[in-house]
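Chemist: predicted model and sequence below, questions to follow.
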Protein chains: 2
Amino acid sequence: MSPLVKIRAERDQMSAIERRIADFMLDNAHLLRDYSSQQLADALQISQSSVVKFSQKLGFKGYPDLKYSVGEAVARASDGQVKTAARSTRAAARESLAETLWQSKSRAEEETRLINDAEKLSEIASMLGRAGRVFCIGLGDDGSAAQAFAQRLALLGTLTVHHADPVRMTATSSSAERGDVLMVFSEQGQQAALNQLSRQFRERHGKVISVTRHTSNPLRAHADATLLVSAHDERSHIQPLLYQSALQHLLDQVFVLMCDGDRLEQLNTNLEHIEHLLDPKL
Amino acid sequence: MSPLVKIRAERDQMSAIERRIADFMLDNAHLLRDYSSQQLADALQISQSSVVKFSQKLGFKGYPDLKYSVGEAVARASDGQVKTAARSTRAAARESLAETLWQSKSRAEEETRLINDAEKLSEIASMLGRAGRVFCIGLGDDGSAAQAFAQRLALLGTLTVHHADPVRMTATSSSAERGDVLMVFSEQGQQAALNQLSRQFRERHGKVISVTRHTSNPLRAHADATLLVSAHDERSHIQPLLYQSALQHLLDQVFVLMCDGDRLEQLNTNLEHIEHLLDPKL
DNA sequence: AGTCGTGGTCAATAATTTATTCTTGATTCA
DNA sequence: TGAATCAAGAATAAATTATTGACCACGACT
């Protein structure tokens, strides 16, 4: 996987200095060839060891290994540019909104995929599958996602409750028991009310799954399992769309993983019921 | 120029040892990443300095520079292959759920893009922008999408109401006036209640935008403008995911199209307000 | 407040890798 | 034969990279 995508994905939970390095590399990937770790450190006014540590944290053997990898990525990328640029400039200019927006979503999806490995998703899916009751909560856009997911779970035969209001949720969750699961949707993970709710839920021996942006945040820190989303765009009206899209894809995966034998049957039964419910109304 | 081409070109006038190095690089270009100059020398039973001199003779700053350059060349060369080779055999089988599901979504998006041309979307965006009031309605999954879209519109400063219940909606819409817009979300477009609501709305000189699957259906037939979604999968638990994704993308496009000067400003103001609303709760 | 632990940074330094120098030996040509 | 040239390797210098240990900041917990 491209190191640049990886850097982008991890950027959010980096320290200030690491983020400086990340930004520099993202901005000047093509110049990296001429930088030793020391020169890079000087350029950013940081220590050389920080650069090395940065490289290792990302999973590379060391700085030269990262550099080599970035070189490959740049080569690939600029190669691709040649191909598309050759497809006449007009074609690129007339690229529809649909296409560019979808590409942005794809990027977000890729970043998100990198930070949620398959085992973790399976684990979460089975956690939800085994759960006695599942509670979903989230505010604003997160609330929509939470609600939609709750409905999907319900179709699979899992007893699921959705709340938009943390206060009422508190009342409900005070009856939480071992085996119950709480899914908390909070992009920034900074909602005091939700964090408190989570703590309370865990005290009653319920499991908490957090769904947040890939930053270090208190909600995520205290959850039994975490779903992480990475999505970036400098335009404030685009970024939420990317976040929602990546989040939705993550939830869809969990949903699909839960669709095994029994539950799939249950789902089909429910879908039939719904169809019957609507059909006669013609 | 690719270093590999250069090496091949000069190979004929090299000394025996240089030729050994050249051959090794040409044969194992993709493995070079893991070789230091010393390791390469050991592998070929020659001295490390010979490797360095070889690099310099070819015009590179030194061995790492040559190595970097070979890395680029390999990346470029294998880039094209990867795209086609990855399609076949085991690679496809071991592709993750995330990837295959996203590919399905991409297909659905593409199909959907083809049946909603850009002009139509612009037209719908401006229709919503000019609207006095906007009403959104839908049942089940369609309801979630309708609700989320309504909230986005509201952030843009457009007076928007969401309903999940057609009966209550009837009451509201009886006050519809010229300039109002009704968006009806109904995958199959067969909901009698919604169709009747649409008719009633048009009688009161409101505009109706239908959002349905790309089939011939009564709802779509009687709308002033239509958004169409195409998404197919033989698996009953997958298809709704694709439908939702393609639908969401379509709505996102309309939203983005509406984000011009004034409204974008309004959006940013609202987002700030929301942030303020949440922050102090820490 | 206190302090324990954690995580991040840097300076110093160790380790590794790369580049240069210098010597040797082989070859050529006057 | 002997001077000149050049490739190659050994030794070594230089550079780059990696690790260590000390320090500080911050949050959690008492």
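Modeler: In hand now; what should we look at?

Chemist: residues from the stretch 1-150 of chain A in reach of DNA strand C?
Modeler: Listed as neighbours of DNA strand C in the stretch 1-150 of chain A under the rule Cβ under 7 Å from any atom of the strand: A:15-18, A:45-50, A:53. Quick note: C-beta positions are derived from backbone N, CA and C, even for glycine.

Chemist: one more pass at 10 Å, please.
Modeler: A:13-21, A:38, A:41, A:44-54, A:57, A:61-62, A:64 (Cβ under 10 Å from any atom of the strand).

Chemist: out of those residues, who's near chain B?
Modeler: Contacts with chain B are made by residue A:64 out of those, judged by Cβ under 8 Å from any Cβ of the partner chain.

Chemist: which of the residues of the stretch 1-150 of chain A next to DNA strand C count as buried?
Modeler: A:13-14, A:17-21, A:41, A:46, A:50-54, A:64 (16 or more other Cβ atoms under 10 Å in any protein chain shown).

Chemist: now, the residues of the stretch 1-150 of chain A next to DNA strand C that are in helices?
Modeler: Under the assignment DSSP state H, those contribute A:16-21, A:38, A:41, A:44, A:48-54, A:57, A:64 to helices.

Chemist: quick one: end-to-end distance for stretch A:148-167.
Modeler: End-to-end span of stretch A:148-167 (Cα to Cα, to the nearest Å): 20 Å.

Chemist: repeat that for stretch A:27-42.
Modeler: Using Cα to Cα, the end-to-end distance of stretch A:27-42 comes out at 17 Å.

Chemist: for that stretch, what is the average pLDDT?
Modeler: Stretch A:27-42 comes out with an average pLDDT of 90.

Chemist: show me what counts as buried in it.
Modeler: For stretch A:27-42, by 16+ other Cβ under 10 Å, it's A:29, A:32-33, A:35, A:37, A:40-41.

Chemist: dump those residues into CSV; add distance to residue B:133 as well.
Modeler: As requested, those are exported to CSV (distance: Cβ to Cβ, whole Å):
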residue, distance to residue B:133
A:29, 49
A:32, 54
A:33, 58
A:35, 58
A:37, 60
A:40, 56
A:41, 59
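
Chemist: which member of those is positioned nearest DNA strand D?
Modeler: Nearest to DNA strand D among the buried residues of stretch A:27-42: residue A:37, at 3.3 Å, using Cβ to the nearest atom of the strand.

Chemist: that closest one reaches residue A:63, doesn't it?
Modeler: Yes: at 4.3 Å, residue A:37 counts as touching residue A:63 under the criterion of Cβ atoms under 8 Å.

Chemist: that older thread, and DNA strand D, which of the buried residues of stretch A:27-42 contact it?
Modeler: Okay, of the buried residues of stretch A:27-42 touching DNA strand D (Cβ under 10 Å from any atom of the strand), that's A:35, A:37, A:40-41.

Chemist: about what we covered before: which neighbours do residue A:37 and residue A:63 have in common?
Modeler: Counting by Cβ atoms under 8 Å, 6 or more residues apart in numbering or on different chains, the contacts common to residue A:37 and residue A:63 are A:51-52, A:55.

Chemist: what mean pLDDT does the helix or strand containing residue A:66 get?
Modeler: Following DSSP states H and E, one finds residue A:66 within helix A:63-86. In this model, helix A:63-86 has a mean pLDDT of 79.

Chemist: kindly list the main-chain dihedrals of the residue in the stretch 151-282 of chain A that DNA strand C sits nearest to?
Modeler: Proximity of the stretch 151-282 of chain A to DNA strand C (Cβ to the nearest atom of the strand) peaks at residue A:216, 7.7 Å away. The phi/psi pair for residue A:216 (degrees, to the nearest 10) reads phi -80, psi 120.
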